[in-house]
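Undergrad: Following is a predicted model, sequence given first.
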Amino acid sequence: MKELYGSIEAGGTKFVLAVGNEDLEIIERHSIPTQSPTDTMPAVIDFFKKFPVQSIGLGCFGPIDLNKNSSTYGYITNTPKLDWHMYNIVGVLEKELAVPVAFTTDVNAACYGEFVAGAAQNLDSCVYYTIGTGVGAGAINKGTFIEGFSHPEIGHMTVNKAKGDFYEGNCPFHESCLEGFCAGPSIEKRTGKKGEELKEENPVWEMISFYLAQAIYNTTLFLSPKKIILGGGVMRQAHLLDQVKDKFQKMMNHYVEYPNIDEYLVLPSLGENSGTIGSLALAKEEKIRIHK
């Protein structure tokens, strides 16, 4: 019988729970709303108690503490979700379920899924952006997450404002950051409609693609990844990727050579399963690491 592993995508809106096997095949999936820890965590624990999982991969909204030498390793830290502020999510899971937990950001988990089984498979570097309720990115080089004293917050890079964009931004921390200008809530506040309700011709897409092209430009010059993947709800607009590609190429103006644009800048090949597959892969590796 194949060993089972657990996956948790802990997002700001919902927790997506899954169990899969050592071949990263998803066996069962369950979604619960993100409420307070008192409401959410018992449901998480009850779900996994039904399965003999060897370990769990947790991709979590943040900021989170990934420094294993820190007294608050495994905590959700300065999140605006006050109920979760300084919450020891890894500690609770390991205590209640008695299995090891591989801990990373939600977007790192999605990045890893595409790296091991998706659009960046067989490459040694990639960057994954999610553009949805917020904007975040995970980066891998030589098979390892790029991290320093903490995880990167690429979604809050400063960008130049688009001409004709009089929106002040949706980020409470920064005046001119990527997330504040192109995350889903900024689209709705500019137009009064959700992105999926807007036509391709709406001028807001020119602005959104301009901001995303800047992010791709900066990422290319900083990291030179072999592939950049754009996921999240905002990218479900069929026309948006081509607009980003066009603006990025004009910004770069042949300064550096990069892979063919249609192979370099892509959508996730795992669709909505990127984070789940990535978390299962991290769980499997955590179990192997512990038993070495």
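TA: Here it is on my side, so go on. As the structure is a prediction and not an experimental result, all values here were calculated from the model. Residues are numbered from 1 along each chain as shown.
Undergrad: now the one residue sitting closest to the centre of the chain: how far from residue 116?
TA: The centre of the chain sits closest to residue 107, judged by C-alpha atoms, centre = their mean, with a distance of 1.8 Å. Taking C-beta to C-beta, to the nearest Å as the measure, residue 107 falls 15 Å from residue 116. Heads up, the C-betas are built off the backbone N, CA and C, glycines and all.
Undergrad: quick one, what contacts residue 173?
TA: Residues in contact with residue 173, defined by C-beta atoms under 8 Å, 6 or more residues apart in numbering, are residue 156.
Undergrad: The residue nearest to the centre of the chain should be in a helix, yeah?
TA: Yes: if the criterion is DSSP: H, G, I helix; E, B strand; the rest coil, then residue 107 is within a helix.
Undergrad: close enough to count as contact, it and residue 139?
TA: No: taking contact to mean C-beta atoms under 8 Å, the distance of 9.5 Å between residue 107 and residue 139 leaves them out of contact.
Undergrad: Now list whatever residues contact both of those two.
TA: residue 128.
Undergrad: How is the chain partitioned into domains?
TA: With automatic domain parsing serving as the domain definition, the record reports that the chain contains domains spanning 4-106+272-290, 119-269.
Undergrad: In a markdown table: these, plus mean pLDDT and distance to residue 112.
TA: Below are the domains of the chain laid out as a markdown table (pLDDT from 0 to 100; distance: least, C-beta to C-beta, whole Å):
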| stretch | mean pLDDT | distance to residue 112 |
| --- | --- | --- |
| domain 4-106+272-290 | 95 | 4 |
| domain 119-269 | 95 | 7 |
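Undergrad: got a pLDDT number for residue 3?
TA: Among the per-residue scores, residue 3 holds a pLDDT of 96.
Undergrad: That one: neighbour count?
TA: Around residue 3 there are 15 other residues, counting by other C-beta atoms under 10 Å.
Undergrad: mind listing what it touches?
TA: Applying C-beta under 8 Å, 6+ apart to residue 3 gives the contacts 21, 22, 54, 284, 287.
Undergrad: Make a ChimeraX selection of the buried ones in the residues you listed.
TA: With 16 or more other C-beta atoms under 10 Å as the criterion, this ChimeraX line picks the buried residues out of the contacts of residue 3:
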select :54,284,287
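Undergrad: Out of the contacts of residue 3, which comes closest to residue 38?
TA: Set against residue 38, the nearest of those by C-beta to C-beta is residue 54 (27.7 Å).
Undergrad: Okay, and the closest residue to the residue nearest to the centre of the chain other than its chain neighbours sits in which element?
TA: The shortest distance from residue 107 to any non-neighbouring residue, by C-beta to C-beta, 6 or more residues apart in numbering, is to residue 136 (4.0 Å). Element membership of residue 136 [criterion: DSSP states H and E] is strand 135-141.
Undergrad: Tell me the first helix or strand C-terminal of that strand.
TA: Once the chain leaves strand 135-141, the next helix or strand it forms, by DSSP H and E, is strand 144-145.
Undergrad: which residues are in contact with that next one?
TA: Applying C-beta under 8 Å, 6+ apart, the set of residues contacting strand 144-145 from outside is 104, 108, 111, 112, 138, 139, 151.
Undergrad: so which of those residues comes closest to residue 236?
TA: Comparing those against residue 236 with C-beta to C-beta places residue 111 closest, at 18.6 Å.
Undergrad: Show me what the strand or helix carrying that closest one is packed up against.
TA: Of the helices and strands defined by DSSP H and E, residue 111 is found in helix 106-117. When contacts are defined as 3 or more C-beta pairs under 8 Å, 6 or more residues apart in numbering; DSSP states H and E, helix 106-117 sits against strand 4-10, strand 53-60, strand 125-131, strand 135-141, strand 144-145, strand 228-231, helix 274-290.
Undergrad: after the first one, next one along is what?
TA: Stepping forward along the backbone from strand 4-10, the first helix or strand reached (DSSP H and E) is strand 14-21.
Undergrad: Output that next one as PDB, nothing but the C-alphas.
TA: As requested, C-alpha coordinates have been extracted for strand 14-21 and formatted as PDB (Å, rounded to 0.1, in the frame of the first residue of the first chain):
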ATOM      1  CA  LYS A  14     -10.200  29.300   2.800                       C
ATOM      2  CA  PHE A  15      -8.100  26.300   3.900                       C
ATOM      3  CA  VAL A  16      -7.800  23.600   1.200                       C
ATOM      4  CA  LEU A  17      -7.000  20.300   2.800                       C
ATOM      5  CA  ALA A  18      -5.900  17.200   0.800                       C
ATOM      6  CA  VAL A  19      -4.500  13.700   1.200                       C
ATOM      7  CA  GLY A  20      -2.400  12.200  -1.500                       C
ATOM      8  CA  ASN A  21       0.000   9.300  -2.100                       C
END
